[in-house]
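# Structure of the sequence below:
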Amino acid sequence: MAKTRKKKKKKSGKRKSGTKRWWQGPFLVLLRTTSWLIVIGALFTGLLMGVDAVWNVFTEHPSFALTPQSFSFNTPEYVKEREMKKILREHIDEVIGEDAHIFDRNLTENIEERLLDLPWPAEIKEIRRLLPNKLLARIDFRKPAGKVMFDRRIYFVDTDGYHLPDSLYSTPWNTEAPRMPIIVHERLGGFPPRVGRWDATALPVGARLCRFLIEKNVLNVLDIKRINVTDVGTEARKGDASDVLLETGGGATVRWGTTEEYNNIEGLERRVDEPTDEQKLRTLLDFSINYPDLEGIRHIDLRFRRVTYTLESS
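Numbering: from 1, shown residues only. Below you'll find the model as predicted:
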């Protein structure tokens with residue numbers, strides 16, 4: 001029987017219409033990803049535009065607007081609150097001006113910078129935003145530490161030599177003020193400046209020594225009327241002149257010399273061979289036992305370990 005051969009069908013060179021090319025799959029993935037990114041971006045842009053619109057409504061609302069009267073702070077008893085608020089509010093008017101609101105960026109930093117341009121705030125502890133339109137500050141103000149006699153007038157200064165005008169400061173600020181000795185500086189260059197230090201060396205020495213005497217209750221034992229700081233500083237010393245002199249109501253002169261505060265005041269150098277302020281004070285109080293209020297003593301020198309003194313009859 002004759003075998004019949006099956007003819008092999010030739011493969012067609014054409015692909016089936018449903019077969020994908022190699023690059024179509026990644027392209028579709030990329031297309032879908034791009035489409036989603038466009039949709040998400042559009043939604044996010046719309047959200048931002050909505051937030052921005054809400055933000056503008058908030059900041060433009062009058063209930064959040066600020067004026068200098070929005071700024072307040074607590075004042076100690078020795079500061080005149082009404083007058084000090086007027087000065088400080090006028091000074092920050094450029095920061096809290098037209099169109100200012102509680103949400104302004106760098107608002108508190110700008111206010112602090114402006115306030116520290118003035119001499120009376122020594123430190124800004126904190127500035128808080130209180131909704132809807134208040135600013136509350138905690139300020140450490142310079143405190144009167146001594147009174148200076150110049151041209152027959154009394155001026156108050158702090159421990160750094162800043163003049164504290166009586167238009168802004170109340171006196172007396174404590175029970176010791178009436179007995180506080182007067183600081184005398186016979187070589188002051190002129191009247192105190194409105195802004196800045198009056199004297200950077202001698203007056204701070206007198207004010208800090210005055211504070212020391214008050215804290216140690218010396219003024220309840222000795223009637224110290226004047227603290228003379230005319231010769232404070234190494235360049236001012238002449239011969240045996242004492243840097244600081246204390247003068248009592250009875251006419252006694254105490255040669256105090258330098259103080260330990262010299263180490264904290266730029267431009268001054270304390271004499272290392274002198275006793276400490278505490279040692280000088282103990283010696284002075286010991287003398288007051290036998291010579292109440294130093295009556296009968298012309299002068300006493302506390303600058304050296306061996307104390308010398310002169311009596312009125314000598």
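# only C-alpha atoms for contact and neighbour calcs from this point on.
Noted.
# Helix or strand: which one has Arg226?
Counting by DSSP states H and E, the secondary-structure element that holds Arg226 is strand 224-228.
# Pull the distance from that strand to the chain's centre.
Relative to the mean C-alpha coordinate of its chain, strand 224-228 is positioned 30 Å out (Cα atoms, centre = their mean, to the nearest Å).
# Could you do stretch 98-108 as well?
Between the mean C-alpha point of stretch 98-108 and the mean C-alpha point of its chain there is a distance of 22 Å (Cα atoms, centre = their mean).
# who's in contact with that stretch?
Counting contacts by Cα atoms under 8 Å, 6 or more residues apart in numbering, the residues outside stretch 98-108 that touch it are 59, 64-67, 95, 127-129, 131-134.
# What's the end-to-end length of that stretch?
Using Cα to Cα, to the nearest Å, the span of stretch 98-108 from its first residue to its last is 16 Å.
# buried residues in that stretch?
By neighbour count with 16 or more other Cα atoms under 10 Å, stretch 98-108 contains the buried residues 100-103, 107-108.
# Buried only: go through the contacts of stretch 98-108 for me.
When the contacts of stretch 98-108 are checked for burial by 16+ other Cα under 10 Å, the buried set is 59, 64-67, 95, 127, 129, 133-134.
# Output the contacting helices and strands for the strand ranked longest in the chain.
Determined from DSSP state E, the single longest strand within the chain is strand 121-130. Using 3 or more Cα pairs under 8 Å, 6 or more residues apart in numbering; DSSP states H and E as the contact definition, the elements that strand 121-130 packs against are helix 107-115, strand 134-141.
# What residues of it count as buried?
Residues of strand 121-130 classed as buried by neighbour count (16+ other Cα under 10 Å): 121, 124, 127, 129.
# that older thread, format the helices and strands packed on strand 121-130 as CSV; extra columns: distance to Glu274.
Below are the helices and strands packed on strand 121-130 laid out as CSV (distance: least, Cα to Cα, whole Å):
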stretch, distance to Glu274
helix 107-115, 41
strand 134-141, 34
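# and these as a markdown table, adding mean pLDDT?
Supplementary listing: the helices and strands packed on strand 121-130 in a markdown table, determined by pLDDT from 0 to 100:
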| stretch | mean pLDDT |
| --- | --- |
| helix 107-115 | 94 |
| strand 134-141 | 96 |
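# Point out the one among these that comes closest to Pro165.
Shortest distance between Pro165 and the helices and strands packed on strand 121-130, using Cα to Cα, is found for strand 134-141: 12.9 Å.
# so the helix or strand following the closest one versus strand 224-228, what angle?
Secondary structure here is assigned by DSSP H and E; on that basis, the next helix or strand after strand 134-141 toward the C-terminus is strand 146-150. With axes from the mean of the first three to the mean of the last three Cα atoms, to 10 degrees defining the directions, strand 146-150 sits at 70 degrees from strand 224-228.
# Among the contacts of stretch 98-108, which pair sits farthest apart?
Every pair in those was compared (Cα to Cα); the two farthest apart turn out to be Thr59 and Ile127, at 19.9 Å.
# Just the pLDDT at the spatially most central residue of the chain, thanks.
Here the mean C-alpha position of the chain is nearest to the C-alpha of Glu123 (Cα atoms, centre = their mean), at a distance of 1.9 Å. Note on Glu123: pLDDT of 96.
# My guess is Glu312 contacts Leu294. True?
No: taking contacts as Cα atoms under 8 Å, Glu312 lies outside contact range of Leu294: 10.5 Å.
# Poorly predicted segments of the stretch 101-250 of the chain, please.
Counting by pLDDT under 70, the stretch 101-250 of the chain shows low-confidence ranges at 172-178, 234-239.
# how close does Gly190 get to Met149?
Distance of Gly190 to Met149, given as Cα to Cα: 12 Å.
# So for those two, which sits in the more crowded spot?
Neighbour comparison, Gly190 and Met149: the larger count goes to Met149, with 15 against 9 (by other Cα atoms under 10 Å).
# Can you name the helix or strand that Cys210 falls in?
helix 202-215.
# Give me the packing partners of that helix, helices and strands only.
Where contact means 3+ Cα pairs under 8 Å, 6+ apart, helix 202-215 is packed against strand 146-150, strand 182-184, strand 224-228.
# looking at the ones you listed, which is closest to His91?
strand 146-150 (27.1 Å).
# okay, now the domains of the chain?
The record's domain split for the chain, according to automatic domain parsing, is 64-141, 146-311.
# Between its first and last residues, how far does the last one reach?
Spelled out, that is domain 146-311. Domain 146-311 has an end-to-end distance of 30 Å (Cα to Cα).
# can you check stretch 123-142 too?
Counting by Cα to Cα, the length from the leading to the trailing residue of stretch 123-142 is 9 Å.
# So what's the gap between that stretch and the chain middle?
Per Cα atoms, centre = their mean, the centroid offset for stretch 123-142 relative to its chain is 13 Å.
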